[in-house]
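Trainee: got a predicted structure plus its sequence, pasted below:
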Amino acid sequence: MAVRNYILVCGGTACESSRSKEILKALQDEAVKQGVADDIQIVQTGCFGFCEQGPIVKVLPEDSFYVKVQPSDAAELIAEHVIKGREVKRLLYDKDKASKHAQVEDIKFYQKQFRIVLRNCGFIDPENINEYIARDGYSGLERALFEMTPEDIINELKTAGLRGRGGAGFPTWMKWNFSRNVESDIKYVVCNADEGDPGAYMDRSTLEGDPHSILEAMTICGKCIGAHQGFIYIRAEYPLAIRRLEIAMKQSRELGLLGKDILGSGFDFDIEIRLGAGAFVCGEETALLQSIMGHRGMPVPRPPFPAVKGLWEKPTVINNVETWANIPVIMHKGGEWFSKIGDADSHGTKVFALTGKICNSGLVEVPMGTTLREIVFDIGGGIANGKKFKAVQTGGPSGGVITSENLDTPIDFGSLIKIGSMMGSGGMIVMDEDDCMVDVAKFYLNFTVDESCGKCMPCRIGGKTMLAILDKITAGNGTMKDMDLLTEIGETMRKSALCALGQTSPNPIISTMRFFRDEYLAHIVDKRCPAGKCKKLVTYTIDPDKCKGCTACARRCPVEAISGSIKQPHKIDTTKCIKCGTCVKVCKFGAISVH
Amino acid sequence: MSVVHVKINGIPVEVEAGSTVLAAAKAAGVKIPTLCNQEDLKPTASCGLCIVKMEGSPKIQRACASPVQEGASYITDDPELFKARKTVIEMILSTHPAECLTCIRNQNCELQQLAAEFGIREQPFTPRVRRLPKDESSPSIITDPSKCIKCGRCVEVCQDLQGVYALEFIGRGDEVQMVPACGLNLSESPCVKCGQCAAHCPVGAIYERDDTDKVRDAIYDADKIVVANMAPSVRVAIGEGFGLPEGTVTTGKIYTALRQIGFDKVFDTNFAADLTIMEEGNELVHRLTHGGVLPLMTSCCPAWTDYMEKYYPDMIPNFSTAKSPMQMQGAVTKTYWAEKAGIDPSKIVNVAIMPCTAKKFEIGRDSNMSSSGFQDTDISITSRELIRMIKAKGIDFAHLEESDADSPIGEYTGAGTIFGNTGGVMEAAIRTAYFAVTGKELEGVEVDSVRGPEGVRTAVVDVNGLKLKVAIVSGLVNAKQVMEEVRKARAEGAEPPYHFIEVMACKGGCISGGGQPYASNDANRAARTAGLYSDDEHCAKRCSHQNPSIKKIYDEYLGAPLSEKAEELLHTTYQQRPLYK
């Protein structure tokens, strides 16, 4: 019997934490209650990407895009949309223009996106292999097993021009070819799912929404290089992704798509999951391999590169989740097709986790060459609360800031490096006028100092020393010599640290010093934080002309620093004030200012 | 061997393919600074000092971990590299206590040396020293984590060279420490006290316990008779402390120096090395001819003994019950010699001078170490401590007159002296076992098949038709391999793979012990080893059983090897010990 409606409920981590599981259950219960259980199919999918508006429920075939859905909305959705065929307008995205924006294709957030990696996320049930197969899943593997030689596979990747999405952008075909050309009885294939940049969750969403794409890709690689064992190294903080991978592996083994004699081809390949304990440095490939082997996750010098000598000294291809997710599509549609997407420098797409002071935060996948302006203003909807755009941080703690003058830079590997940032794995944090760039630099450095493994001296000591200097500057004790020292340490770390974590951790400082030198000078020379972020440099005062004496601030002040009688202007005792900002938020008259 | 041709700062040099840039630079006579790299260890690339450039490449490489490329031209120093290196050194100094004057490594510290070479005159970075308590729990080694620069050498030595795993990287980032796991101290850890961590530490973060004050106190105590007993390998190392070439044999100078320091009697542990051979050699012959447990394993090395008791307690029946030469020497000093000299043994303070930190532990191991009725060896100091004592006494060592050891327990043969290098105990044992089995002297006493620096060496020695299968091991990690072979054969009920196994914990044997002057490298080991072999060659008698003083002690006191008296004084027992307390 034909199904009248498909109801897709987002099961990504963000929506799940906003009770999407309860919505799923409520919809199932209501369908039974209202007698339409057999007419519809309710599917839990992976992430839709538009996390700002979650939890998201999409109804097919109308493509109605319901946002911020609550479990209590289930009855109405079933009664109105399914039974009466009428969209529930109040739940549609941008409800004021409901008729125009009812459908997904009308939503600006999706218009400039192009989905290869996230092709199945928010569309299929990641816990059902048949849905993956129905979307051409495993056809790339079939081709690789029966129609292609290992050399053909390499050539397909070469034509596609796929470059590693983990950050450095190394051509994937070359990596595979290195391993393929090493004579070895044992080889390994590894998926780096140790995503760790602050604010980044591209890989998690891909694994949660489309786990089979990774399994298929790794198997193709195994066939290409002659490996029979794969490992997925994933952080234990991603329980949903782990569970879905486990389900996917079980299902693909049952169908003969993983394990012995895959599809009767005589080729064996299996995959094991290895859980990481959450150390950021384990995203560095040599540290990751150490961790898989049961050692402490610390980088080791390269060469030898893992492709030649990796796990247990055997050739090992290691790619990150996003890179893997591209492979099945390339194998299915061909490298030629892939190479036409993107710009001259970089082919294909890139997924970003767009967060920060932006209207539409979420996961976006755009063709390479899309400009930052398109991402921030068209897809992201611009800066929230009418504030002014200041900068975008890409590349996470390894990257740099991009200012408004570079907003029209096309996003590809080469262009971003030219303007002092880097692609990184895809974190993209938008900052507005309220963000202090010295504070931002400190935030990232704090992160890398925390996450430094401690092995190499330039990183271990350099990071900590830079942090001490930034602390000094943000406390109003900086001197101009500190700027020189920051540059000196930064340059030394770039040259002498062992791994990418140490070499790139000064980037946020070097980059903000370059583009926002005036903010550093304000802290050092004027002892002032222009954005009002650095607590030690700001004071809170009440403008007696504006204060109505409503007592709201005095009642909410956690340290009783505000005094005054009713209907009389209040005062802040700056010796008691902890600069938490509560009074500013509760004042209805804008009487409290921060200097 | 395929070779590659490279240039280092314009100097052409030809090196073996696969060599690192660091090695190529060394071959070209160019020193690239490094604090983590050490010849014995695989590169960890942690210090960041050895950065170099390759002409035509934008990337800065680490010389320690980058293999040379054919035809490449490397630049090891330019303003940019110098600046970066200097900054790294300055940063390290900002986290290192500026206590050079009171540091055990003063004038012998790799960091101090670099700071001097780079002309560091001020400290641009705010000092940020993490004060951590010392670990003084071990009788042998003290760690001072405040001084640790976290180069990781000690962990690598402990794990990769020695297979002991007492030290670990604990914590991360700025809080990383090289300490035993789970907050335990060294004495609660699997540490076997070999001291190789101390021998490889570039700074004063791990060092031998200094017992020189105890020695001085005894010397200045008029009531005490203080005797010195020097181990074989000490004689080829002390000279390095006084600018003499590596491996110079300075036996006679050391005797003189010891007398000038104030020792009442100067004996030589080489005598007891001969005695050990009499006991152990006969034990081997006995086991071979009476169906005893084989293979027999040597027991002279206290770190190896400790390791076996912790990691391979199932080998206890295989262990020679013979004590180490130091302990035999102690036992006969306080019995045989005391009786002969008419001295009250309670007044004797027996000071052993050893290449070894584990010996400090061995002297108080258990009650077997007090077989004379007193602690047989009272104090054990290392070569490094003796060098300091000689210097503090103001002795011009290099120009000292040579003298002889005191009789009768100072006389030794060439077999006794080669105890100090890997393969030496084996060779000495073969020389005497041959005599014990055949009644004839071995022709051409040098047994070349058991000589050489490899970590594991096996040989078959023909002893009058008996094919004696032997294995010689140095570096504890190598013992694992041989022990597993023995275990496997035993589990399968097969013939033991060897009859006799010699193990020395330190790479190359005692000549490179944890208490020797700092120089853990193969060239130095070869020089010290050559020194001992030359000492052997220059001995009139080269087999332990030929030592007249040995014959005498058996005639006058012990009876025969393995006699009841010998068992009581010269043999010991073993027990399983837990890895963690």
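Mentor: Structure's in. What do you need?
Trainee: who in the stretch 151-300 of chain A is up against chain B?
Mentor: For the stretch 151-300 of chain A, the contact set with chain B under Cβ under 8 Å from any Cβ of the partner chain comprises A:279, A:296, A:298, A:300. No exception for glycine: its C-beta is placed from N, CA and C like everyone else's.
Trainee: as JSON lines, the residues you listed with secondary structure, pLDDT and neighbour count would be great.
Mentor: Below are those laid out as JSON lines (DSSP: H, G, I helix; E, B strand; the rest coil; pLDDT from 0 to 100; neighbours: other Cβ atoms under 10 Å in any protein chain shown):
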{"residue": "A:279", "secondary structure": "coil", "pLDDT": "91", "neighbour count": "21"}
{"residue": "A:296", "secondary structure": "coil", "pLDDT": "93", "neighbour count": "16"}
{"residue": "A:298", "secondary structure": "coil", "pLDDT": "94", "neighbour count": "25"}
{"residue": "A:300", "secondary structure": "coil", "pLDDT": "93", "neighbour count": "20"}
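Trainee: ok, those vs chain B, which is closest?
Mentor: Of all these, chain B sits closest to residue A:296, with 5.5 Å by Cβ to the nearest Cβ.
Trainee: who's in contact with residue 310?
Mentor: Chain wasn't specified; assuming chain A. By Cβ atoms under 8 Å, 6 or more residues apart in numbering or on different chains, residue A:310 lies in contact with A:188, A:190, A:289, A:316, A:318.
Trainee: um, chain B though
Mentor: B:190, B:192, B:576, B:577, B:578, B:579.
Trainee: and which of these is nearest chain A?
Mentor: residue B:190 (17.3 Å).
Trainee: per-domain residue ranges of the chain.
Mentor: In the absence of a named chain, chain A is used. Per the record, chain A has its domains at A:5-109, A:129-338, A:349-432, A:437-524, A:539-594, by automatic domain parsing.
Trainee: chain B, not that one
Mentor: Domain assignment for chain B, taken from automatic domain parsing, gives B:3-77, B:103-110+B:118-208, B:213-570.
Trainee: report the buried residues of stretch A:295-309.
Mentor: A:296, A:297, A:298, A:299, A:300, A:301, A:302, A:305, A:306, A:307, A:308, A:309 (16 or more other Cβ atoms under 10 Å in any protein chain shown).
Trainee: how about that stretch as PDB, C-alpha atoms only?
Mentor: Coordinates of each C-alpha in stretch A:295-309 appear next as PDB, following Å, rounded to 0.1, in the frame of the first residue of the first chain:
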ATOM      1  CA  HIS A 295      49.900   4.000  23.400                       C
ATOM      2  CA  ARG A 296      49.600   7.500  24.900                       C
ATOM      3  CA  GLY A 297      48.200   9.700  22.100                       C
ATOM      4  CA  MET A 298      51.200  11.800  21.300                       C
ATOM      5  CA  PRO A 299      52.400  12.800  17.900                       C
ATOM      6  CA  VAL A 300      55.600  11.200  16.500                       C
ATOM      7  CA  PRO A 301      57.800  12.700  13.900                       C
ATOM      8  CA  ARG A 302      57.000  12.200  10.200                       C
ATOM      9  CA  PRO A 303      58.500  10.800   8.000                       C
ATOM     10  CA  PRO A 304      57.800   8.000   7.900                       C
ATOM     11  CA  PHE A 305      54.300   9.000   6.900                       C
ATOM     12  CA  PRO A 306      51.400   6.700   7.900                       C
ATOM     13  CA  ALA A 307      50.700   5.900   4.300                       C
ATOM     14  CA  VAL A 308      54.100   4.200   4.200                       C
ATOM     15  CA  LYS A 309      54.500   3.100   7.900                       C
END
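Trainee: check the offset of that stretch from the chain's centre.
Mentor: Chain-centre distance of stretch A:295-309: 26 Å, with Cα atoms, centre = their mean, to the nearest Å.
Trainee: contacts for that stretch?
Mentor: By Cβ under 8 Å, 6+ apart, the list of residues contacting stretch A:295-309 from outside reads A:175-176, A:178-179, A:182, A:190, A:276, A:279, A:281-282, A:284-291, A:315-318, A:453, A:455-456, A:498-499, A:501, B:43-45, B:62, B:64-67, B:168-169.
Trainee: using PyMOL, define a selection of the buried residues within those residues.
Mentor: Buried residues among the contacts of stretch A:295-309 (16+ other Cβ under 10 Å), as a PyMOL selection:
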select buried, (chain A and resi 175+176+178+179+182+190+276+279+281+282+284+285+286+287+288+289+290+291+315+316+317+318+453+455+456+498+499+501) or (chain B and resi 43+44+45+62+64+65+66+67+168+169)
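Trainee: in helices, which of the contacts of stretch A:295-309 appear?
Mentor: Secondary structure from DSSP state H places A:175, A:176, A:178, A:179, A:285, A:286, A:287, A:288, A:289, A:290, A:291, A:501 of the contacts of stretch A:295-309 in helices.
Trainee: pick out the most distant pair among those residues.
Mentor: Greatest spatial distance among the ones in helices among the contacts of stretch A:295-309 (Cβ to Cβ): A:176 and A:501, at 25.1 Å.
Trainee: what sits against the residue in chain B that chain A sits nearest to?
Mentor: Scanning chain B for the residue nearest chain A gives residue B:176, at 3.0 Å (criterion: Cβ to the nearest Cβ). Counting by Cβ under 8 Å, 6+ apart, residue B:176 makes contact with A:453, A:454, A:455, A:460, B:150, B:169, B:170.
Trainee: the closest residue to it other than its chain neighbours: what's it in contact with?
Mentor: Take residue B:176 and drop its neighbours on the chain: the residue closest to it by Cβ to Cβ, 6 or more residues apart in numbering or on different chains is residue A:454, 3.0 Å away. For residue A:454, the contact set (Cβ under 8 Å, 6+ apart) comprises A:460, B:150, B:169, B:171, B:172, B:173, B:174, B:175, B:176.
Trainee: rerun at 10 Å
Mentor: Listed by Cβ atoms under 10 Å, 6 or more residues apart in numbering or on different chains, the contact set of residue A:454 reads A:281, A:298, A:460-461, B:46, B:150, B:152, B:169-177.
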